[in-house]
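> Return atomic coordinates for the entry below.
(4 chains, ligands or ions: 4)
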Amino acid sequence: MNPEPPTGTPRATATLEALHITKTFPGVKALDDVSIRLAPGSVHALLGENGAGKSTLIKALTGVHQPDSGSIVVGGAERRLSDPSAARDAGIGVVHQERNVIRGFTVGENIVMGRMPRRAGRIDWAGVTREARRCLELLDLELDPSTPIVDLSSAQMQLVEIARALYTETTVLLLDEPTASISAAESDRLFRVVDRLRDEGTAILFVSHKLEEVYAHCDTVTVLRDGHSVLESEPLSAHSHDEIVDTMVGRALGSLTVPDRRARPVAAPALSLVDVTTTAGHHGVGLEVRPGEILGLYGLVGAGRTELAHAIVGLERITAGELRVNGEPVRIRSLREALHRYRVGYVTENRKEEGVFLEQSITRNIAVTVWSKLQRGPGFISAKKERDLVAGYVSDLDIRISSQSQLTGRLSGGNQQKVSLAKWLAAEPEILIIDEPTVGIDLRTKRSFYELIWKLADEGMAILLISSDLAEMITLADRIAVMDRFVINGELENSHDYDSMSRDVIHLIHSGAEVAR
Amino acid sequence: QGGEATGLDSVQVALVPGGPHPYFQPWIAAGEAAKTDFGLGGTTFNETAAWDQTKQNDVINSLVANGYNAFGVFGVSPTDINSTFDNLKQSGIATAALGSCPAGDTNDADFCLSTDTETAAYKAAQATIEAMGGTGVLAHLTGVNVDSNTQRRIAGVKKAVDETNGAVTLLPDVTDIDTDLTTAQKAVADLLASQGSEITGIVSTAYNPAVAAATAVKESGLPIKLVAIDDDETILAAIEDGSVYATIAQNPTAQAYVGSYALAKLASKECTMAEPGAIIDSGSFVVTKDNVATYDDERVAAGDQLMKDFDSEYLSC
Amino acid sequence: MKRSIASVLRSQSTTLVAIIVVGTVLLGIASSGNFFSPIPFRTFFQFLAVPILIGLAQMITVAVGQLNLAVGAIGGVAAALSAVMMADAGVPVWLGAVVPLVVGTLAGLVNGWLVVLTRINGFIVTLATMTILLGAQYALVSTRTVSAANWAPLADIGKATVFGLPVIFLVSVVVAILVALAFRYTVTGRSLLASGDNPEAARLAGISNDRSVIVAHAASGLLCGVAALVSIASLPGINQSVGGDWLLPSFAAPIIGGVALTGGSVAVLGTVLAATVVRLVDTARAEFQLAPAWVNFVIGAVVLGTVALGRVRQVRQERRLGAERAREASSTAILEKTR
Amino acid sequence: MRSAIRAQLTTPRFLLFVIIVVLVAVIVALKPSFLNGAFVLAPLITSIAIFTVVGLAQMVVLSIGHMNIAVGNMAAFGAMISGISFDLFGLPLVAGIAAGLVGGGLIGALTGWIIARTGVNSFIVTLAMSFALLGLVPTVYSALSTGSAFVVKPAGFDALGRDSFADVCQFGYCGPAAIPVMVVPVIVVMVLVAVLYTKTRVGRELLLTGSSVKAAEFSGIPTSRRIVLAHTLSGVLAALAGILLATSIGSFTPSIGDEFMLQSFVGPILGGTLLAGGYVSVTGTLLGITLTLVIRKGLELFGVGIETLNVLLGVILLIALSADRVREIRLRKGRTPDASAPPPSDPARSADRSTEEVPA
Ligand SMILES: Nc1ncnc2c1ncn2[C@@H]1O[C@H](COP(=O)(O)OP(=O)(O)OP(=O)(O)O)[C@@H](O)[C@H]1O
Ligand SMILES: Nc1ncnc2c1ncn2[C@@H]1O[C@H](COP(=O)(O)OP(=O)(O)OP(=O)(O)O)[C@@H](O)[C@H]1O
Ligand SMILES: [Mg+2]
Ligand SMILES: [Mg+2]
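Ligands and ions are numbered 1, 2, ... in the order given. Prediction:
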């Protein structure tokens, strides 16, 4: 039972084949006769829109879900993966889409969990540290294994989970949207690791909604649509970018038309921060967003953007400086006040914990901010008005649901994100703060989402957009403010030219000096 | 109500104690004896009330539905039991309060046959004071403070202490320690640890504290005189080995036996109460090492006397 | 390392130790030193054994996100069966001492097994088994008190002391240490914590949550059995009231001690300290001859005060961190401007 | 429509209902005296009425994912206030009851305020509150009453607690003796609570607060106020239960509410209310309470002793609840997934909640 893999020995290689996998959930056929083949020494892309069944396939391959039918063959031998540890024994390592860490444990223990090094019947804590450090080194991560895992950012947790997947001997590595919520620099590091593992002969499955990185790093591809495989284990080079997109969507999807937003009406700022200091640690922050304008707030992970948004909507205290809404100095004490009194909305980045009620129906999730408007008699809610309103947003945002009373937690990640957004759109705020809106959202939705943002801005909404996706920021924003370590380093007018803009932005992050106003 | 007199064999007597407690155990045998001796239709003993008035009412009601027509009840809540008796009387059922009379001045049962709680506590305190040599510090251990029976016991002990004109000082009553043996033992140990050197006598008017105190006093080796209440075998054993100086025995057997008899007479309409709601003392007996072997005869005699008193005095047939 | 010292200083245990020190000093002064003389000293610790044991028993179930309402009933039945076997069936004392441990473990196993098999909430399962066990306890001893004279050797151990400390208290301390070690050094202990913290993540790591639940309940039952054994050894006798007052203290100790009800954490030291605080209040009641009503009031206040204080400190801590960061930010900004 | 009915038929509520019907049928077949109106049914229904209110008092805090360990003590406190109003101030029935409800509400509000303010777990705060009230209530009784009970009864007091519809006569016809008058106020309360949770904004905000406080806070729900509200309601309902109990046993004593705590959880949880918050069921609570009390009453009628009573009560409870599980296993063709395969929060039982919440 002692699992310690010998260090330094050449890695074994194996092919993973899944044949005719079918999996149904009550009411949904999530996978229908899907086959996939992962070869050693190659990276296989698994693509598909939100809810296509990618995560379900990965879970079926790792013993989390038992497929209704179909077989799994690893290294030539058919395996029955009755539980996650059976998959691990078969040499399959996995990083799931959602973070799965034990918050009370350290980094080291999270890595070796389930296979603790033991000596004389008890846990060998020195061994834990040693093993964990070995796995972290595989990823060039300079993390102390004794750090409590809660002290890590979400991106770091993600890397720790990869380290965990590599802890035991891994011939097959499955990565479910590993780059969704991390910055470009961290993605680069991740891909260096992926490339190296591939060169060592690991078979890798990679799920992503970012086609650029898929083309840069993957060799073969499988595309799922509504649980069917529409493209099965084919070489990626044989298919063009647009072709792949069209297979995913099931019809031709034209290119995104970026509107010309240079001629914006000039109005007085709807939201402005003047020399603001907060309890979270911001200092001397100044920002202005005008009605009809999209201000991007860019920065590296941990720069303090989320916390600034919290300070604006009253979740942190502003200790000095001024917050103005429509020119009036205001003091916002709670989100409720922000919404009802000042018409400021905030779409959180932490969807799972703060954005949606996983255990509640979609109806309630979306209508929660507007119940006061759906009233019929004092305090009573008109169920019909509520249903109609929700139906409107479900079709506008193309949220894939089986019925309005479905529990939100049963939706795919991308669809949950849309629910979280719909809630705030329903509230019809004048000022909308959106934090990391497209994490885990598929291409088509991302587009419709961009179009929606532009439409909202055209209708006069002032939008503060926080995103770690620089390309998205350059596509969407009118101006980009750059924050670094709780201070605004500067602001740039967006030329929408990716190369020059990204250079300027990165420069601004590193220089820390005022470049332009 | 009226109606024809029927034979005693039509009477089904239910004896309902307040809950599981050693005090009531003699009721079982006494009920059986009454059944055979008086030719009753049946007797039952049901202690499922578990010291809860609502549950006791439920038990009583279920027994009525099952055909019982005479009830001897130890009311869990002396302040509320009158309502229960009223309810039963409205359906023409004979009722007796056994072992504990309703609180206040009225008794809505046909009669109450009980030790006068206050008197018993008074006697117990007197016995303790006597053992203490008429002077010293007395501690009183008892049960649920807000029970009116406890209040009566507190009053009884206080009366005995007051009569010494200051020769005996009474520590604040230690109440609410009858819930379980651990609580009682802990309270007694803490009391002895903090005040053990001053205390010369302990009177316990509840069961668990008495058991706990008997052991604790013996083990501590302190010269404390302990007087308990009731005659469970554990306490009698403690009297025999000297760790308890005395106990005040009540007469549960007579309560159940004579009570069943009178209830049967009332239920069969052979007799009525001469004075409805009469409160009748079933007697209490000081048991010390000297009479531990013989006090039961005394008690049986008291029971016989009680029987006669019912026939001659309390019942009008 | 520095960090862990700092976090020790900030933890719930520190507050509890402070309360214990202040309380002990006050009691010592109030009793003009009597509190520290041998008998009160021994008495204090003698009645600390059971609260520690049942607090730990509850803590283990709470660690996996379960509850055990049956602590008192398990202990009661275990004690009653053992007492009856020794008194009526003539079972030798050494065997009688093993009985509660076996009964407790079995009852705990059944609890865990029922939770896993029926998927009924642990609250309801243990409520049901509690009811059943209370019936069994009554069936075993009815209204009598089985005297400790039937197991004199055991009762002697119950009275024995080592350096003025009751043996039964030392037993509870040893058990506490074993529990702490188990949670630190055994894979099973870590698995319980993982299952309680994040069952989904634990499952994905190959840990069986079902097994964790069963193990936790069994261990909890075993500790109830130890508490029953301690009760047999120290009580003047065993009757149907034994175990009747265990439920609330069993929750109070771990929760005051800093264990999260949501599962995933343990605090052995905190639990022991919290039990000590409650015991101090008890002793104060006897010392000041207060009505029990007052004691309840004081316990309520202490509990509230402890947790509220912890909370205030946490908020202050967060504020301070933010302020530090602001200061840092402003100083770097100035630096950069001057550059 | 068909699927809606099907969905209803698979809820724990329906199962409870079936179990109750079967149980009653069995008991009646073996013990026809179960149908005795005045001595079996009326007291049984009275208990069900009172304990349903107790269950609701717990349910409203469960709805926000909290617990109220002090339900019994709040009941005692509210009843005490009513008792004082009758005994010392001579208030009429309705005014005295109102005073008691206000008293209970204030204690609940205080509890909720402390929880919201300090962020301390509700279990601890209500536990502490229960201790504090356990100290306060008997002290007040000993100070203000003789014999530790308030016995003065205003007009209508006994009627509320003990009358059945046999005592309510119109045009020469009287109602059934099996149904106590007390069901009227209790049904009103049940309907009010059900309407609160199904139809009103505040009720939904309570449920969402229970589902996830954080997400509720981020959706602009004033969670602190909702927490205070839930505890206030709990206090009011607990007080009501205490007062109703007092009218049924006949006087106000400090022991009112002693038996409430465990029962208060059993009813809602059997009925499908989640311990984790976010889902409640008023009918379920009623059925859960009814199940346990019917079992108890049946056993009582068979005259089983206290030891057997407890054993059987527990066993029947377990079997009744496992029945649901057996059905589910059959549905899944015998596969038993690991304990936490379904969503991470711990649904009391795998209640099927894909239909819209709370039936009124
Ligand atoms: N545990 C579950 N119970 C019921 N339905 C589920 C469950 N998990 C997934 N589904 C459903 O299965 C379908 C596929 O979901 P899956 O999570 O595999 O999508 P995905 O391709 O990973 O999407 P995304 O890109 O948004 O992550 C969806 O319709 C989803 O609602
Ligand atoms: N210098 C620091 N020291 C300690 N904690 C920090 C520091 N900087 C950031 N943090 C923490 O990191 C977290 C990230 O901050 P915040 O969410 O505001 O950043 P962000 O720019 O939105 O980045 P993200 O992409 O992570 O959301 C915060 O919880 C903050 O407390
Ligand atoms: Mg997915
Ligand atoms: Mg952020």
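
> going forward, measure contacts between C-alpha atoms and count neighbours the same way
OK.

> where are the low-confidence patches of the stretch 101-250 of chain A?
Judged by pLDDT under 70, the stretch 101-250 of chain A has no weakly predicted residues.

> where along it do the strands fall?
Counting by DSSP state E, counting those that start in this stretch, the stretch 101-250 of chain A has strands at residues A:118-119, A:122-123, A:172-176, A:203-207, A:220-225, A:228-235.

> List the pairing partners of the fifth one within its sheet, with orientation.
Note on strand A:220-225: by DSSP bridges, its sheet partners are strand A:43-48 (parallel), strand A:228-235 (antiparallel).

> Residue B:304 - how many residues pack around it?
12 (other Cα atoms under 10 Å in any protein chain shown).

> got a pLDDT number for it?
As predicted, residue B:304 sits at a pLDDT of 92.

> quick one: residue D:88 from ligand 2, how far?
58 Å (Cα to the nearest ligand atom, to the nearest Å).

> Contacts only, for the residue nearest the centre of chain D.
In chain D, the centroid-proximal residue (Cα atoms, centre = their mean) is residue D:55; its distance is 1.4 Å. With contact set as Cα atoms under 8 Å, 6 or more residues apart in numbering or on different chains, residue D:55 has these partners: D:263-268, D:285-286, D:289.

> Serialize those residues to a markdown table and add fields for pLDDT, distance to chain C and neighbour count.
Formatted as a markdown table, these follow (pLDDT from 0 to 100; distance: Cα to the nearest Cα, whole Å; neighbours: other Cα atoms under 10 Å in any protein chain shown):
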| residue | pLDDT | distance to chain C | neighbour count |
| --- | --- | --- | --- |
| D:263 | 85 | 10 | 21 |
| D:264 | 91 | 12 | 26 |
| D:265 | 86 | 9 | 29 |
| D:266 | 84 | 7 | 21 |
| D:267 | 87 | 10 | 30 |
| D:268 | 88 | 11 | 32 |
| D:285 | 94 | 14 | 31 |
| D:286 | 96 | 17 | 23 |
| D:289 | 93 | 13 | 29 |
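
> any idea which helix or strand carries the closest residue to residue D:259 other than its chain neighbours?
Using Cα to Cα, 6 or more residues apart in numbering or on different chains and skipping residues adjacent in sequence, the residue nearest residue D:259 is residue D:72, 7.0 Å away. For residue D:72, the element it lies in under DSSP states H and E is helix D:71-87.

> helices or strands up against the next helix or strand after that helix?
Moving toward the C-terminus from helix D:71-87, the next helix or strand (DSSP H and E) is helix D:93-118. Packing partners of helix D:93-118 (3 or more Cα pairs under 8 Å, 6 or more residues apart in numbering or on different chains; DSSP states H and E): helix C:292-338, helix D:71-87, helix D:122-144, helix D:223-249.

> hang on, the earlier thing: any idea which of the strands paired with strand A:220-225 is most buried?
Stretch with highest mean neighbour count among the strands paired with strand A:220-225: strand A:43-48 (a mean of 28; mean count of other Cα atoms under 10 Å in any protein chain shown).

> Following element in sequence after that strand, please.
Following strand A:43-48 in sequence, per DSSP H and E, is helix A:54-61.

> mind listing what the following helix or strand past that following helix pairs with, with the direction of each?
Downstream of helix A:54-61, the next assigned helix or strand under DSSP H and E is strand A:69-74. Strands that pair with strand A:69-74, judged by DSSP bridges, come out as strand A:16-25 (antiparallel), strand A:77-79 (antiparallel).
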